[in-house]
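Novice: the amino acid sequence is not available; the structure is as follows:
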């Protein structure tokens, strides 16, 4: 009996490649969308500037003057972005972060400027923290031993929230990771008649090395670190616990920050809560892509969109990103 020759491989019946064959088909079956309305643009406004100042570690990002901030807000609205998040850089700092509580301080003025510029076209958000305003660079006031005094800081946060609400802010973003901050701010806002101001809580905020360029962006005065109040990068369940606590305290939206190194935490938080979830694509994540692209090592525009899609795929309803405006323009070219 003659030996059999080589057998033809059986033809696959199930061919997933059928749904990848053309761009139109891929778009039809895409599991995750990326749209301008899901993106929030973080911006920095410097009280002493008359013109934008480039941030060297974040190519393409600037510290804004009041005029350039208004222009950036108008562009954000015209692009259909989901919001704009304001960070204020005051002319002077002190141990208490007094400028954060000043109705005529840089952040309150910025809120009024942007609200006047865009109206209801997009939510105007403001970072609610003291770190940009304190001469020691920490997110709260210090006790006699030099540690951050949690409960004394809550008093400042409540006053800051009221000042920002009086200025017309739509959302406040408490980012200091103080225990009880959401409950204190919610009570303070409600007692002042600002029941419509939303709270986007920085719930799972980690003591991350990827915050480095942000220090330049906000002219940080910090020495040391924030490990006694920001979360340990080794902990995932703790991030879920923090988010659940914030929801119980009245948070309208919870956030995971940073995004890329914590996509697993983002997924767990999304599965655990019944409010919208945000993620912050932070400065170091931005700068890594920009640096690699500047060396020609990656396709910059493709990497931007892939980064943002990955954050959405992990469960973020809202993505804060310095690429928000550019990504919106890229999406119109698809």
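Specialist: Nice, I can see it. Note that this is a predicted model, so its numbers are computed, not measured.
Novice: residue 287 and residue 58 touch, don't they?
Specialist: Yes: using C-beta atoms under 8 Å, residue 287 makes contact with residue 58 at a distance of 5.6 Å. Every residue, glycine included, has its C-beta placed from N, CA and C.
Novice: between the two, who's got more neighbours?
Specialist: residue 287 (22 against 19; other C-beta atoms under 10 Å).
Novice: buried set for the host helix or strand of that one?
Specialist: Per DSSP states H and E: residue 287 is located in helix 283-294. Buried positions in helix 283-294, judged by neighbour count with 16 or more other C-beta atoms under 10 Å: 283, 284, 285, 286, 287, 288, 289, 290, 293.
Novice: any idea how far the first one lies from residue 16?
Specialist: Read that as residue 283. Relative to residue 16, residue 283 is positioned 38 Å away (C-beta to C-beta, to the nearest Å).
Novice: for the third one, same thing?
Specialist: The spacing between residue 285 and residue 16, counted by C-beta to C-beta, is 31 Å.
Novice: check what pLDDT the nearest residue to residue 206 once chain neighbours are set aside gets.
Specialist: Counting by C-beta to C-beta, 6 or more residues apart in numbering, residue 231 is the residue found nearest to residue 206 once chain neighbours are left out, at 4.7 Å. In this model, residue 231 is scored at 86, pLDDT.
Novice: residues touching residue 231, list them.
Specialist: In this structure, residue 231 makes contact with 177, 204, 205, 206, 207, 238, 239, 242, judged by C-beta atoms under 8 Å, 6 or more residues apart in numbering.
Novice: now swap in residue 95 and tell me
Specialist: 134, 135, 136, 141, 142 are the contacts of residue 95 under C-beta under 8 Å, 6+ apart.
Novice: taking these one by one, which sit in strands?
Specialist: Counting by DSSP state E, none of the members of the contacts of residue 95 fall within strands.
Novice: just the buried residues out of those, in ChimeraX syntax.
Specialist: Here is the ChimeraX command that selects the buried residues among those (16+ other C-beta under 10 Å):
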select :134,136,141,142
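Novice: right, and the pair among the contacts of residue 95 with maximum separation?
Specialist: Spatial extent of the contacts of residue 95 (C-beta to C-beta) is set by the pair 135 and 141 at 11.4 Å.
Novice: just give me the longest helix of the protein.
Specialist: Counting residues, the longest helix found in the chain (DSSP state H) is helix 150-167.
Novice: helices or strands next to that helix in the packing?
Specialist: helix 106-118, strand 124-128, strand 171-174, helix 181-191 (3 or more C-beta pairs under 8 Å, 6 or more residues apart in numbering; DSSP states H and E).
Novice: out of those, nearest to residue 34?
Specialist: Here strand 124-128 is closest among the helices and strands packed on helix 150-167 (C-beta to C-beta), at 20.1 Å.
Novice: who's in contact with the spatially closest residue to residue 159 that is not a sequence neighbour?
Specialist: With C-beta to C-beta, 6+ apart as the criterion, residue 159 has its nearest non-adjacent residue at 5.0 Å, and that residue is residue 101. By C-beta under 8 Å, 6+ apart, the contact set of residue 101 is 156, 159, 160, 163.
Novice: recalculate using a threshold of 10 Å.
Specialist: 107, 108, 130, 133, 156, 157, 158, 159, 160, 162, 163, 164 (C-beta atoms under 10 Å, 6 or more residues apart in numbering).
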